[in-house]
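> just a sequence and a predicted model for now, questions to come.
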Amino acid sequence: MHVRPGRPDRARPSGAAATAAFLCLALTALGAAPATAVQPLSPSPTLASPSGGSARSLGGPVVYAHRGASAYAPENTLESIDRAMALGFDWVENDVQRTRDGVLVVIHDDTLTRTTDVKRVFPDRGPWRVKDFTAAEIARLDAGSWFDKRFAGARVPTLREYMERVGRNRQRLLLELKEPEASPGIERQILDLLDELGWLDEPHVTRRLVVQSFSADSIRTVHALRPDLRTAFLGTPNVADLPRYAAFTDQINPQHTTISAGWVAAVHRLLGAHGKPMEVDTWIVDDAATARKVKEMGVDGIITNAPDVVRHAVGPLQAFG
Ligand code: G3P
Ligand code: CA
């Protein structure tokens, strides 16, 4: 079980509850900020303590199941998040886009061809872009057989269906706005749905939800609409530019091949939009050696298709050993 200040434990274990309680006490004694406290927004980027916060080093990195446990089940389906849950992972990542008739759906590519049987069902509708199909049409597609025949019949979920399953599983969500430039207003639409489904109350925005995007403008918009919600920017800004991001986001989430220990430390030295040291969750790490390498760099989280492999590599509570 991983315990991390400001970000609760990854797993939902029952047997480890006593350990968790002990660790919470230990973190409190060490001065870790309580997970539920939403700090006032920084009027301008501020430097964190030189270490970036001593409590960070006490737990292993958070492990996120990328597009669900997508090494073992078709990505971005309900089956993929169920698989993550079965493996013991509560943080899942997804990608959100909008259909022709304005419905939010969970899918990564801007076309339906790689992960569904759209060419068979709608042979004359090329280039088969998500935004050119209605939600009812997309609901007809098989989003599982391309991965493995055992998953035949899996669907591209709507975001509503997806959130209901994440909630039922008691999981947490790293929600990515995928190419938001193509869907004006998608930030408010997503937030409205999350609000309707009860995902924007205090327990959710402080412990169960982070919104990320490669679009800084989109993250800035999300932050303006819901300043209490944690956000992340996907990318690797130059160190000199990091303070600009700290004004509206809490995390910088880079591709693992682009980072160094020095860059991670530079992010940690800044206070983010909620007055806490900024964090780094890196992607996509699917092998043990790379997982150990980025852990040594000091990352806070690892986003992976194979969460069990990464968990085994970085181990729970490494810093206590
Ligand atoms: O969560 C990070 C990762 O999902 C970003 O890349 O292309 O897989 O959405 P991509
Ligand atoms: Ca993604």
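Thanks, I have the structure now. Ligands and ions are numbered 1, 2, ... in the order given.
> what does the chain have sitting close to ligand 2?
Contact residues (C-beta under 5 Å from the ion) of the chain with ligand 2: Asp95, Glu176. To be clear about C-beta, it is placed using only N, CA and C from the backbone, and glycine gets the same treatment.
> Three-state assignment for the residue of the stretch 101-250 of the chain found nearest ligand 2, please.
Among all residues of the stretch 101-250 of the chain, Glu176 sits closest to ligand 2, at 4.0 Å; criterion: C-beta to the ion. Classification of Glu176 by DSSP: H, G, I helix; E, B strand; the rest coil places it in strand.
> quick one: contacts for Met278?
Ala48, Leu242, Ala246, Thr249, Asp250, Gln251, Ile252, Val267, His268, Leu270, Leu271, Gly272 (C-beta atoms under 8 Å, 6 or more residues apart in numbering).
> identify the residue nearest the fifth one in space, chain neighbours excluded?
Put plainly, it is Asp250. Once flanking residues are discounted, Asp250 sits nearest to Gly272: 3.9 Å by C-beta to C-beta, 6 or more residues apart in numbering.
> count the neighbours of Asn274 for me.
Careful, residue 274 is His; it's not Asn. Under the neighbour criterion other C-beta atoms under 10 Å, His274 is assigned a count of 23.
> repeat that for Tyr64.
27.
> just Arg114 next, same as before
Neighbour count of Arg114, defined by other C-beta under 10 Å: 12.
> just give the nearest non-adjacent residue to it, would you?
Nearest residue to Arg114 in three dimensions, chain neighbours excluded: Trp146, at 7.1 Å (C-beta to C-beta, 6+ apart).
> same question for Asn169.
Asn169 sits nearest to Met85 (C-beta to C-beta, 6+ apart), 4.6 Å away.
> Thr221 now?
Here the residue nearest Thr221, using C-beta to C-beta, 6+ apart, is Glu187, at 4.6 Å.
> for the one you found, list the residues it contacts.
By C-beta under 8 Å, 6+ apart, the contact set of Glu187 is Leu177, Pro180, Ser218, Thr221, Val222, Leu225.
> can you do 6 Å?
Ser218, Thr221, Val222 (C-beta atoms under 6 Å, 6 or more residues apart in numbering).
> that's a helix at the second one, yeah?
Yes - using three-state DSSP, the secondary structure at Thr221 is a helix.
> what about it, how many residues close to it?
21.
> could you check the pLDDT of the residue nearest to Asp250?
Gly272 carries a pLDDT value of 98.
> equivalent analysis for Gly126, please.
pLDDT, read off for Gly126, is 98.
> phi, psi for it please.
Phi and psi for Gly126, reported as degrees, to the nearest 10, are phi -60, psi 150.
> with Leu191 instead?
Main-chain dihedrals, Leu191, degrees, to the nearest 10: phi -60, psi -40.
> next: the one 4 residues further on.
Dihedral pair for Asp195: phi -60, psi -50, per degrees, to the nearest 10.
> with Val211 instead?
Torsion angles, degrees, to the nearest 10, at Val211: phi -110, psi 130.
> then Asp217?
Per degrees, to the nearest 10, the backbone of Asp217 is at phi -60, psi -40.
> any idea how far it is from Ala224?
Taking C-beta to C-beta, to the nearest Å as the measure, Asp217 falls 11 Å from Ala224.
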